[in-house]
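Peer 1: Predicted model and sequence follow; I will ask about them next.
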Amino acid sequence: MRPWKIVLLVTGALLGLVGLGLAAASGTLLWANATQRDSAGYYVTPTTRLHTGTYALTSQADFGSASGDWVPAHPVGTVRIRATGVGPPVFVGVGPRSQVDHWLAGVAHARVTG
């Protein structure tokens, strides 16, 4: 076999593997788009029940870059958070950690981890 035929064979095999990887990724995205959304079009995660004896629960989520920018680093869409309380009305706020810590200074609160 001539050297240029070997180069073409290897190049074709590598391009075929890249194509298979892209096809698998596309299939996974199509499956998620078709089956993992609610009626409003949001991707859903399981509901979690949380309880505390304090006045507030806090959690850390990184939706942006390391600079603290809250714009998503990739175009995945909008985040929707739902909360239902037992008893008094529930307030849900989203903000940079330093500002949330300042706002809750002196208030008993629990941090959700994991």
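Peer 2: Happy to help now that I have it.

Peer 1: Same question for residue 57, what's its three-state structure.
Peer 2: At residue 57 the chain is in strand, as set by DSSP: H, G, I helix; E, B strand; the rest coil.

Peer 1: isn't it right up against residue 110?
Peer 2: Yes. Between residue 57 and residue 110 there is a contact at 5.5 Å, judged by C-beta atoms under 8 Å. Yep, even glycine has a C-beta here, placed from its N, CA and C like the rest.

Peer 1: Give the burial count for the nearest residue to residue 58 once chain neighbours are set aside, as a bare number.
Peer 2: Closest residue to residue 58 apart from its sequence neighbours, by C-beta to C-beta, 6 or more residues apart in numbering: residue 111 at 5.1 Å. By the criterion of other C-beta atoms under 10 Å, residue 111 has 11 neighbours.

Peer 1: for residue 111, phi and psi?
Peer 2: Per-residue torsions, residue 111: phi -100, psi 130 (degrees, to the nearest 10).

Peer 1: could you check the distance from it over to residue 59?
Peer 2: Going from residue 111 to residue 59 by C-beta to C-beta, to the nearest Å gives 7 Å.

Peer 1: got it, and residue 89?
Peer 2: Distance, residue 89 to residue 59, using C-beta to C-beta: 19 Å.

Peer 1: Have a look at those two and say which one is more surrounded.
Peer 2: residue 59 (12 against 6).

Peer 1: Test for you: state the pLDDT assigned to that one.
Peer 2: In the predicted model, residue 59 carries a pLDDT score of 86.

Peer 1: dump the residue contacts of it.
Peer 2: The neighbours of residue 59, taking C-beta atoms under 8 Å, 6 or more residues apart in numbering as the test, are 111, 112, 113.
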